[in-house]
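[1] would you be able to build a 3D model of this:
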Amino acid sequence: MTVEQIYTGCLAQGAYYIESEGEVAIIDPLREVQSYIAKAQRNNARIKYIFETHFHADFVSGHVELSQKTGAPIIYGPNAQPAFECIIATDGQVFEVGKLKIKLLHTPGHTMESSCYLLFDEKGEEKYIFTGDTLFIGDVGRPDLAQKSSLTINDLAGYLYDSLRYKIMPLSDALIVYPAHGAGSACGKNMSKETFDTLGNQKRTNYALRANMTKEEFVKEVTEGLLPPPYYFPKNVLLNKTGAPNLETVKRQAQPLSAEAFEAAANETGAVVIDTRPAQIFKNGFIPNAINIGIKGDFAPWVGTLITDIEQEILFVATPETIEEVITRLSRVGYDNIIGYLEGGFEAWQAAGKEIDSIESISAETFAERFEKANGQLLVKDVRKQSEYVAEHVAEAMNIPLATLSENMVEFSKTETNYLHCAGGYRSMVAASILKSRGFDNIVDVAGGMAAIAQTTVPVTDFVCPSKLR
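    Sure thing, here's the model as predicted:
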């Protein structure tokens, strides 16, 4: 028996490869499916089933393409209504993979079709449960992503309570819980950095599985403090219900463009230009109006959060070795309308003598000197999450989370210098590049973010003035 978690950090997503006696099951595959096919071929095995825990909102699944290439049927739980052929299983239905058995447990709440898969080993013993977005490590799935006119967020939270209490919690404490996501995913609010755990430990430590917790208490705790989901979530659900184009089609569409062709495409189409280089390289020189979202970070989720139209035409700048990765990671969240990329990277733009912009980025030490010289009277904008800001922040700094930047442009001065920082420098440069593209020329990024600032003489506090929150 082989059970492998295939974890993708940029999406905080876990797919699963299960093999027994030459037969394979895949649970919640990513859009790029060739790795699953190749792994099965290396093991002289065939993919027999493709299990989906629900219609995912935060990434585009590869279930349809994987089925087309292997002939394996797609399995969903009750209530699923996809536009393609699949098996809509019943609650408790069992599927055999070699000497293993996989039992579907219908667990509505996160969505109404949400289901978990309970795996029995060769001896018929319960070993693993694949919980999708029903149960995470340290949290449970948010119940606000599948609302219909007849269902409220509280209704869905109530379904989730029943699913957990009556389907999951009675199971053996020794079960290994394998969820679809970990810390960093927007599908929950309190997930652990761990990617698996025993069910017994979750019963002891997960706030949502507390013994004697009433449904009313559960609903209140699970629904409070939820941030709005990213804009791309509904579009991803639709793609997962209808089936996304094959990834190779998307890759063929993205064309290498000379500096002249790239500039013309940007001017003629209104495409957004994403520069995927590291922040501290980007700041020295970039194409005017380009947005910096570095590939070495939470690239895809930030694209999905900040570019609100999933059909938006995209041009990008990347180093040669990351071009394919950029296309793949954009496609994972459904941003398929990629016109092309700058052939030869930013160096080709420079060589062509094209206009270049830059952003001032200073060290935390320089920031501290300026802060002291100004007697603390600097305009400091903290673009971290509100929870990070509340824990510790620069005295008098205003919190404007990156995800809400576009709605809070009025909070940035057009005349005084705006000093931006985040935790480590990734998000602040994203914010700085967006502001620069909107005509703010008085932007200074603090490199190293709060981690570096905390090592200087700049005063920090955990006191929160309501007017400083956005």
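[2] who does the strand or helix carrying Lys127 pair up with?
    Lys127 belongs to strand 126-132 when assigned by DSSP states H and E. Strand 126-132 has its sheet partners listed here by DSSP bridges as strand 115-120 (antiparallel), strand 176-179 (parallel).
[3] mean pLDDT and mean neighbour count added to those strands, as CSV?
    In short, each C-beta sits where N, CA and C put it, glycine included. CSV is the format used below for the strands paired with strand 126-132 (pLDDT from 0 to 100; neighbours: other CB atoms under 10 Å):
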stretch, mean pLDDT, mean neighbour count
strand 115-120, 98, 24
strand 176-179, 97, 25
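[4] between the ones you listed, which gets nearest to Leu104?
    Between Leu104 and the strands paired with strand 126-132, the tightest spacing by CB to CB is seen for strand 115-120, at 5.3 Å.
[5] got a list of contacts for the strand holding Lys127?
    3, 16, 27-28, 51, 53-54, 105, 107, 110, 114-121, 141, 168, 171-172, 175-180, 199 (CB atoms under 8 Å, 6 or more residues apart in numbering).
[6] could I get the strands paired with strand 126-132 as TSV with distance to Met191?
    TSV is the format used below for these (distance: least, CB to CB, whole Å):
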stretch	distance to Met191
strand 115-120	17
strand 176-179	8
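[7] between these, which gets nearest to Ala451?
    strand 176-179 (28.6 Å).
[8] partner strands of the helix or strand following the closest one and their direction?
    For strand 176-179, the succeeding helix or strand toward the C-terminus, using DSSP H and E, is strand 197-198. Strand pairing for strand 197-198, using DSSP bridges, gives strand 176-179 (antiparallel).
[9] who touches the partner strand?
    By CB under 8 Å, 6+ apart, strand 176-179 touches 5, 14, 16, 127-133, 135-137, 195-199, 202.
[10] got the end-to-end distance for stretch 298-317?
    End-to-end distance of stretch 298-317: 17 Å, with CA to CA, to the nearest Å as the criterion.
[11] likewise stretch 67-83?
    14 Å.
[12] how far is it from where the chain is centred?
    In terms of CA atoms, centre = their mean, to the nearest Å, the centre of stretch 67-83 is found 23 Å from the chain centre.
[13] same check, this time on stretch 10-23
    For stretch 10-23, the distance to the chain centre is 19 Å (CA atoms, centre = their mean).
[14] for it, buried residues please.
    Cys10, Leu11, Ala12, Gln13, Gly14, Ala15, Tyr16, Tyr17, Ile18, Glu19, Ser20, Glu23 (16 or more other CB atoms under 10 Å).
[15] what residues of stretch 123-138 count as buried?
    The neighbour-count check on stretch 123-138 (16+ other CB under 10 Å) flags 126-138 as buried.
[16] between those, which is nearest Ser258?
    With CB to CB as the yardstick, the closest approach to Ser258 among those comes from Asp133, at 43.8 Å.
[17] OK, contacts around the closest one?
    53-54, 56, 110-111, 114, 141-142, 179-181, 187-188.
[18] what does Asn284 give?
    Ser358.
[19] before we move on, what about Leu247?
    Arg31, Glu32, Val33, Gly62, Glu65, Thr328, Ser331.
[20] again, but for Lys203
    Met169, Asp173, Leu209, Ala211.
[21] which single one of these is nearest to Thr417?
    Leu209 (48.8 Å).
[22] coming back round to it: can I get the buried part of the contacts of Asp133 as one PyMOL selection?
    Selection command for PyMOL covering only the buried members of these, criterion 16+ other CB under 10 Å:
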select buried, resi 53+54+56+110+111+114+141+142+179+180+181+187+188
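[23] which of the contacts of Asp133 lies closest to Gly243?
    Of the contacts of Asp133, the one sitting nearest to Gly243 (CB to CB) turns out to be His56, at 13.0 Å.
[24] check contacts around that closest one.
    Asp28, Asp133, Ala180, Asn236, Val237, Asn240 are the contacts of His56 under CB under 8 Å, 6+ apart.
[25] give me the buried positions along the helix or strand containing Tyr161.
    Tyr161 is located in helix 153-163, with elements delineated by DSSP H and E. For helix 153-163, burial by neighbour count (16+ other CB under 10 Å) applies to Ile153, Asn154, Asp155, Leu156, Ala157, Gly158, Tyr159, Leu160, Tyr161, Ser163.
[26] report how many residues lie close to Asn79.
    15 (other CB atoms under 10 Å).
[27] where's it, which helix or strand?
    Using DSSP H and E, no helix or strand contains Asn79.
[28] please verify my assumption that it contacts Gly109.
    No - counting by CB atoms under 8 Å, Asn79 sits too far from Gly109 to count as a contact (11.7 Å).
[29] where does the stretch 351-470 of the chain dip in pLDDT?
    Along the stretch 351-470 of the chain, segments meeting pLDDT under 70 span 465-467.
[30] what ranges do the strands span in the stretch 251-400 of the chain?
    Using DSSP state E, counting those that start in this stretch, the strands found in the stretch 251-400 of the chain span residues 255-257, 272-275, 291-292, 314-317, 338-342, 360-362, 379-382, 393-394, 398-399.
[31] right, and the helix or strand after the last one?
    Downstream of strand 398-399, the next assigned helix or strand under DSSP H and E is strand 418-421.
[32] got the phi and psi for Tyr17?
    phi -110, psi 120 (degrees, to the nearest 10).
[33] could we number from 686 for the rest of this?
    That works, and once the first residue is 686, the last one we named lands at Tyr702.
[34] skip the chain neighbours and tell me the closest residue to it.
    In space, Tyr702 comes closest to Glu689 once its chain neighbours are excluded; the distance is 4.4 Å by CB to CB, 6 or more residues apart in numbering.
[35] picking up where we left off before, tabulate the CA atom coordinates of the helix holding Tyr846 in PDB.
    The C-alpha coordinates for helix 838-848 follow below in PDB (Å, rounded to 0.1, in the frame of the first residue of the first chain):
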ATOM      1  CA  ILE A 838     -24.000  31.000   6.300                       C
ATOM      2  CA  ASN A 839     -25.500  29.800   9.600                       C
ATOM      3  CA  ASP A 840     -27.400  27.100   7.800                       C
ATOM      4  CA  LEU A 841     -24.200  25.700   6.300                       C
ATOM      5  CA  ALA A 842     -22.300  26.000   9.600                       C
ATOM      6  CA  GLY A 843     -25.100  24.000  11.200                       C
ATOM      7  CA  TYR A 844     -24.700  21.300   8.500                       C
ATOM      8  CA  LEU A 845     -20.900  21.300   9.100                       C
ATOM      9  CA  TYR A 846     -21.500  20.900  12.900                       C
ATOM     10  CA  ASP A 847     -23.600  17.800  12.200                       C
ATOM     11  CA  SER A 848     -21.200  16.300   9.700                       C
END
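[36] perfect, I'm done here.
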